[in-house]
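> sharing a model prediction with you, sequence too.
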Amino acid sequence: MKFKVLHQDKDSKARIGCIETDHGKINTPIFMPVGTLGTVKGVQQNQLKEDTKAEIILGNTYHLYLRPGIDTIKEAGGIHKFISWEKPILTDSGGYQVYSLSNNRKITEDGVKFQSHIDGSYHFFKPENAIDIQRDIGADIIMAFDECPPYPCDHKYAKSSMHLTHRWLKRCCDRFDNSSNKYGYNQTFFPIIQGSSYKDLRKQSAEKIASFNREGNAIGGLSVGEPDEIMYEMTEIVCSILPWEKPRYLMGVGTPQNLLENIALGVDMFDCVMPTRNARNGMLFTSEGTINIKNKKWSADFSAIDANGTSFVDQKYTKAYLRHLFTANEMLGKQIATLHNIRFYIWLMEEARKNIQNETFQSWKNKLIKKLNKRL
């Protein structure tokens, strides 16, 4: 993997860059739609490519390991062939899912024993097999196996968890460096910064992660319930420490406002289930604010979903039609809403890149965020 910073904003730490992988280029800042089980729910791969302009998607090791299972993916020739997606794929190691299974898992120095949410069967993830599984899945970018502490947690727990993540990282690196690429293309490994909401721990973790000198770095353990102000504070601390010449990935974030504020702090990569999950519940993101398409007020509104045409959907379907589909519980409604929201997020990244290049990012961001906070 190669990464090059192409331009940095004069008034913030926002920058545009390009990541090169064997499955294609990724323009940054970038938003990665979440395809947990090898599918972005309700969206065909050609729609992701052509209609939303997605350049990379995210899969999840925990879920793919359980279904369809690693043997099936290996027999298919890797995840790209299995799901018919020729562009880059990043896999989350499963650390966050283990965190979310707090009532059904046990963490030890060696790894994590957990119960499947599907059938209750027991499984064990440790740094070594988390790397092996991601190698076998065939991700272009493989994530470290970490522990994500809950928010809030006390300093003692956060510190202990962070050091465990660092010890696991050493094991991840050893396994990755002593194993081979699969399926004939290069795979890249990113470590993950932890430290909860504590400045001293975030600083310590960022310094530790940077010392491993990997090709990119991730920021984990945010967007887990903490106020936005804490998220930004932690991000600013770690971005001031992480090497400038390597991509920075803020995991699981977030709202359009979150993305813009974190771009200003120097983040390059994002993923979040929000655009797809909210779409299935009828919440649409637009350049003028958010819309609950289920509200009766849209029943005779024959205008575009977003008057500024942020997605191809805006040229095809009206608010009234989309509300009708949701009211009638037609699956097409959720599909259209999902396509719109993903495209909106990717449009947001495209506009951010344009404004960074034009040295207008800060004024554009501040003006747009005021609109994004509105409920229409």
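Perfect, I can see it now. Residues are numbered from 1 along each chain as shown.

> count of residues packed around residue 250?
A total of 29 residues lie near residue 250 under the criterion other Cβ atoms under 10 Å. For the C-beta atoms, the positions are set from N, CA and C on the backbone; glycine is no exception.

> likewise for residue 366?
Neighbours of residue 366 under the rule other Cβ under 10 Å: 11.

> from the contact counts, what lies against the helix or strand hosting it?
Taking DSSP states H and E as the criterion, the element that holds residue 366 is helix 361-372. Contact partners of helix 361-372 among helices and strands, from 3 or more Cβ pairs under 8 Å, 6 or more residues apart in numbering; DSSP states H and E: helix 256-264, strand 289-292, helix 331-357.

> which residues does the shortest one contact?
Counting by Cβ atoms under 8 Å, 6 or more residues apart in numbering, the neighbours of strand 289-292 from elsewhere in the structure are 282-284, 298, 305, 319, 371-376.

> now which of those residues would you call buried?
282-284, 298, 305, 319, 372 (16 or more other Cβ atoms under 10 Å).

> gap between the closest residue in space to residue 147 that isn't next to it in sequence and residue 149?
With Cβ to Cβ, 6 or more residues apart in numbering as the criterion, residue 147 has its nearest non-adjacent residue at 4.9 Å, and that residue is residue 161. Counting by Cβ to Cβ, to the nearest Å, the gap from residue 161 to residue 149 is 4 Å.

> again, but for residue 219
Residue 219 is 14 Å from residue 149, by Cβ to Cβ.

> lowest-confidence helix or strand of this protein?
Taking mean pLDDT, DSSP states H and E as the measure, the helices and strands of the chain show their lowest mean at helix 95-100, namely a mean of 72.

> list the helices and strands the next helix-or-strand element following it packs on?
Per DSSP H and E, the first helix or strand lying C-terminal to helix 95-100 is strand 105-107. Where contact means 3+ Cβ pairs under 8 Å, 6+ apart, strand 105-107 is packed against strand 112-115.

> pairing partners for the strand it packs on, with directions?
According to DSSP bridges, strand 112-115 forms sheet pairs with strand 105-107 (antiparallel), strand 122-125 (antiparallel).

> may I see the buried residues of the shortest one?
Neighbour-count burial for strand 105-107 flags residue 105 (criterion: 16+ other Cβ under 10 Å).

> got the angle between the helix or strand residue 233 falls within and helix 256-264?
Assigned by DSSP H and E, residue 233 falls within helix 228-239. In this structure, helix 228-239 runs at an angle of 30 degrees to helix 256-264, with axes from the mean of the first three to the mean of the last three Cα atoms, to 10 degrees as the basis.

> same question for helix 228-239: list its buried residues.
Of the residues in helix 228-239, those with enough neighbours to count as buried (16+ other Cβ under 10 Å) are 228, 230-232, 234-239.

> pLDDT of it, averaged?
For helix 228-239, the mean pLDDT works out to 98.

> quick one: buried residues of stretch 305-320?
Within stretch 305-320, the residues scored as buried using 16+ other Cβ under 10 Å are 305-306, 310-314, 317-319.

> distance from it to the middle of the chain?
In terms of Cα atoms, centre = their mean, to the nearest Å, the centre of stretch 305-320 is found 25 Å from the chain centre.

> can you check stretch 335-351 too?
How far stretch 335-351 lies from its chain's middle: 14 Å, per Cα atoms, centre = their mean.

> avg pLDDT for it?
Averaging pLDDT along stretch 335-351 yields 98.

> and the pLDDT at the closest residue to residue 308 other than its chain neighbours?
Leaving aside its sequence neighbours, residue 308 sits nearest to residue 287 (Cβ to Cβ, 6+ apart; 4.6 Å). Per-residue pLDDT puts residue 287 at 97.

> before we move on, what about residue 105?
86.

> leaving out sequence neighbours, find the closest residue to it.
Leaving aside its sequence neighbours, residue 105 is closest to residue 114 (3.8 Å, by Cβ to Cβ, 6+ apart).
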